[in-house]
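Engineer: Predicted model follows, preceded by the sequence.
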Amino acid sequence: MQRCFEELNISQPEAVFRVHQSYIQAGAQIIETNTFGANRIKLAHLGLADEVGKINQRGVKIARKRAKRRRTRC
């Protein structure tokens, strides 16, 4: 089975959160959502075309959650 990183937003959100956390701990001031390839064309090849909205929304939610933690600690 093929997988894509963007699909992890719904199947393994904690893993995506940990990646964001690693970037912050390494000194990153900005993080991006895990949604670069989350579009209908790419995801259709994996049978996930109907999940585009959910994948993108979850990616934003995960990044915001991590960014919010950073703001409250500064």
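Structural biologist: Thanks, I have it.

Engineer: so which strand or helix has residue 46?
Structural biologist: Per DSSP states H and E, residue 46 falls between elements, in no helix or strand.

Engineer: does it really touch residue 5, like I thought?
Structural biologist: No: assessed by Cβ atoms under 8 Å, residue 46 is found out of contact with residue 5, at 11.4 Å. Bear in mind the C-beta positions are built from the backbone N, C-alpha and C, glycine included.

Engineer: any idea of the mean pLDDT for the helix or strand containing residue 9?
Structural biologist: Using DSSP H and E, residue 9 maps to helix 8-11. Taken as a whole, helix 8-11 has a mean pLDDT of 97.

Engineer: in terms of contact count, name the helices or strands touching the next helix or strand after it.
Structural biologist: Using DSSP H and E, the helix or strand that follows helix 8-11 in sequence is helix 13-25. If you count contacts as 3 or more Cβ pairs under 8 Å, 6 or more residues apart in numbering; DSSP states H and E, helix 13-25 packs onto helix 8-11, helix 52-73.

Engineer: what does the helix or strand that helix 13-25 is followed by rub up against?
Structural biologist: Scanning forward in sequence from helix 13-25 by DSSP H and E, the next helix or strand is helix 40-44. Outside helix 40-44, the residues that touch it by Cβ atoms under 8 Å, 6 or more residues apart in numbering are 4, 6, 7, 37, 49, 51, 52, 55.
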